[in-house]
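**Q** Predicted model, plus sequence, below.
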Amino acid sequence: MTRWEDAPEAPWYVVESDDKRRARINMIAHLLSTVP
């Protein structure tokens, strides 16, 4: 694994969308939901 690949403790998320604003809001909501 290279240093640019995701790791279990730091996964990468790829968001494909035509609406950048909505995609960003959804990604932020997802990340916040993973925080205990």
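**A** Thanks, I have it.
**Q** Enumerate every residue touching the residue nearest in space to the middle of the chain.
**A** The structure's the chain has its C-alpha centroid closest to residue 13; by Cα atoms, centre = their mean the separation is 3.4 Å. By Cβ atoms under 8 Å, 6 or more residues apart in numbering, the contact set of residue 13 is 27, 30, 31. Heads up, the C-betas are built off the backbone N, CA and C, glycines and all.
**Q** among those residues, which are in helices?
**A** Among the contacts of residue 13, the residues falling in helices (DSSP state H) are 27, 30, 31.
**Q** got a markdown table for those residues, with neighbour count too?
**A** Output for the ones in helices among the contacts of residue 13, formatted as a markdown table (neighbours: other Cβ atoms under 10 Å):
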| residue | neighbour count |
| --- | --- |
| 27 | 14 |
| 30 | 11 |
| 31 | 10 |
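**Q** Can you tell me which of those residues is closest to residue 20?
**A** residue 27 (10.4 Å; Cβ to Cβ).
**Q** Phi and psi next, for the spatially closest residue to the closest one that is not a sequence neighbour.
**A** Of all residues not flanking residue 27 in the chain, residue 15 sits nearest, at 5.3 Å (Cβ to Cβ, 6 or more residues apart in numbering). Here is the backbone geometry of residue 15 (degrees, to the nearest 10): phi -120, psi 120.
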